[in-house]
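**Student:** no sequence for this one, just the structure:
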Ligand code: SF4
Ligand code: SF4
């Protein structure tokens, strides 16, 4: 049997920005040393669990998304490669730890993480970040403080062998944040499209009656291939999500007895096409 390793799954669709996870992290680490993994986090300035916020769309079709960002505990960690030998190491369970003794005085470590999750503790003269609650894992905990307090179940800790985790990843469609960095993170995301992709939205209305075109079929294609589809709802609105930003899209709205409405857009961010009138 292989070693069970630490993995964190964060569901972007379930995070409501309550910051319980951020506060639980503060409760655990501010003022408390956990040798050999961490010295106390300072009272302010650090966000070892950081919630980023994003608004997508244009009035009145607007969505918000929240992205909790702890350390990714990368399997191929840029911080380890760029920092002085021995200052950062990986445990058998996959957790990446900044050694608070060996890393003392090395402020340059802060700049080695492409996710920006390392902070400088001026008083202790040491770089710090999320330890994955390594001290609690040692005591047999199966939750981190942040996963334990999340009221919506947006954060889940999974202790699993790599082969089993690979299956979970595939089955649940988990993704790495900033996958282009290829860091093989142990923190993985569900519904990351809410952060990284865009949507095209609008309202379909019958021109002759001024009624909502409920059920009108909307298709979005790019380079001749269909990349998204949906229906206008009973308020006439449609939202076609999971599109790549910066590409050219042909949006077609069709309803029985009416001429198709066709428009081409090249959005860098989520857009609202406004009211689209369908003519007989
Ligand atoms: S997220 Fe940053 S600090 Fe954490 S392991 Fe990866 S490179 Fe290192
Ligand atoms: S505790 Fe859960 S819902 Fe609240 S901010 Fe953290 S991840 Fe989001």
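**Tutor:** In hand now; what should we look at? These figures come from a predicted structure and were not determined experimentally. Ligands and ions are numbered 1, 2, ... in the order given.

**Student:** Who are the contact partners of the closest residue to residue 29 other than its chain neighbours?
**Tutor:** Distances taken as Cβ to Cβ, 6 or more residues apart in numbering place residue 41 nearest to residue 29, at 4.0 Å, with adjacent residues excluded. Every residue, glycine included, has its C-beta placed from N, CA and C. Residues near residue 41 by Cβ atoms under 8 Å, 6 or more residues apart in numbering: 25-26, 29-31, 48, 121, 128.

**Student:** 7 Å - rerun?
**Tutor:** By Cβ atoms under 7 Å, 6 or more residues apart in numbering, the contact set of residue 41 is 29-30, 48, 128.

**Student:** before we move on, what about residue 155?
**Tutor:** Residue 155 is in contact with 8, 10, 21, 68, 146-147, counting by Cβ under 7 Å, 6+ apart.

**Student:** near ligand 2 too, which of those residues?
**Tutor:** For ligand 2, the contacts drawn from the contacts of residue 155 by Cβ under 6 Å from any ligand atom are 21, 68.

**Student:** Sitting in helices, which of the contacts of residue 155 do you find?
**Tutor:** Secondary structure assignment by DSSP state H places 21, 146-147 of the contacts of residue 155 in helices.

**Student:** Let me know the closest of these to ligand 1.
**Tutor:** Of all those, residue 146 has the smallest distance to ligand 1: 14.8 Å, by Cβ to the nearest ligand atom.

**Student:** May I have the predicted confidence score for the residue nearest to that closest one when sequence neighbours are not counted?
**Tutor:** Using Cβ to Cβ, 6+ apart and skipping the chain neighbours, the partner closest in space to residue 146 is residue 21 (3.6 Å). Note for residue 21: predicted pLDDT of 98.

**Student:** Next, count neighbours for residue 21.
**Tutor:** 26 (other Cβ atoms under 10 Å).

**Student:** Ok, the one 4 residues further on next?
**Tutor:** By the other Cβ under 10 Å criterion, the neighbourhood of residue 25 contains 25 residues.

**Student:** So it belongs to a helix, correct?
**Tutor:** Yes: counting by DSSP: H, G, I helix; E, B strand; the rest coil, one finds residue 25 located in a helix.
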